[in-house]
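1. based on what follows, work out the 3D shape:
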Amino acid sequence: MTEVYFYHLQNQPLEKVLPQLLEKCLERGWRCVVQASSDERVQALDQHLWTWRDDSFLPHGLESEANASEQPVLLTISENNANGAKARFFVEGASSENLAGYERAIHLFDGNDPDAVDNARAQWKIAQAAGHAVTYWQQDEAGRWQQKA
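-> Next up is the predicted model:
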């Protein structure tokens with residue numbers, strides 16, 4: 001079964017948390033897919049990942065590009081796994097019930113948005129019902145992630 005992590009974003013925005021988690025996955029040797037809910041969001045993430053830190057960038061590409069299968073991080077709105085990723089990130093309400101083949105699925109949701117919280121709760125129930133190992137993470141005041149469930 002896939003490990004399904006839920007990250008409750010309250011103190012830091014997606015644009016700060018996502019690149020850090022992607023780097024952790026790449027350090028493990030995992031390819032990643034980031035599924036967003038709109039093409040506009042995919043384009044914004046694409047631009048952000050090239051410039052998110054002054055001293056580095058995250059190598060990535062778009063599923064619509066010719067070399068998608070070679071990308072360590074792939075941005076998409078589809079449920080495809082064109083690069084053979086082991087980790088799948090869901091942002092801004094994107095979701096999929098098909099987690100076969102993934103080591104880990106990561107839902108990042110804005111804890112200040114009631115709709116995002118409701119969607120995360122629904123995805124939690126779906127993942128639990130499917131028999132996945134589900135955990136919930138929340139940041140403390142110092143910015144450290146604490147497992148809450």
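2. would you map the helices across the chain?
-> For the chain, applying DSSP state H gives helices covering 14-27, 39-51, 114-129.
3. quick check: buried residues in the last one?
-> Yep, that's helix 114-129 we're talking about. Using 16 or more other CB atoms under 10 Å as the test for burial, helix 114-129 gives Ala116, Asn119, Ala120, Gln123, Trp124, Ile126, Ala127. The C-beta positions use only the backbone N, C-alpha and C, and glycine is treated the same way.
4. what of the first one?
-> Neighbour-count burial for helix 14-27, counted by 16+ other CB under 10 Å, picks out Leu14, Val17, Leu18, Pro19, Leu21, Leu22, Cys25, Leu26.
5. can you tell me the closest non-neighbouring residue to the fifth one?
-> This points to Leu21. Ile106 (6.4 Å; CB to CB, 6 or more residues apart in numbering).
6. centroid-nearest residue for the chain?
-> The centroid of the chain falls nearest to Phe89 when counting by CA atoms, centre = their mean (2.1 Å).
7. residues in contact with that residue?
-> Leu18, Leu21, Leu22, Cys32, Val33, Val34, Gln35, Ala105, Ile106, His107, Leu108 (CB atoms under 8 Å, 6 or more residues apart in numbering).
8. one more: Ala129?
-> Ala129 touches nothing, counting by CB under 8 Å, 6+ apart.
9. what pLDDT does it get?
-> pLDDT for Ala129: 96.
10. how close does it get to Ala116?
-> Noted for Ala129: a distance of 21 Å to Ala116, by CB to CB, to the nearest Å.
11. now do Gly61
-> Gly61 sits 27 Å away from Ala116, going by CB to CB.
12. picking that back up, could I get the helices of the chain as CSV with distance to Ser95?
-> As requested, the helices of the chain are exported to CSV (distance: least, CB to CB, whole Å):
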stretch, distance to Ser95
helix 14-27, 15
helix 39-51, 14
helix 114-129, 5
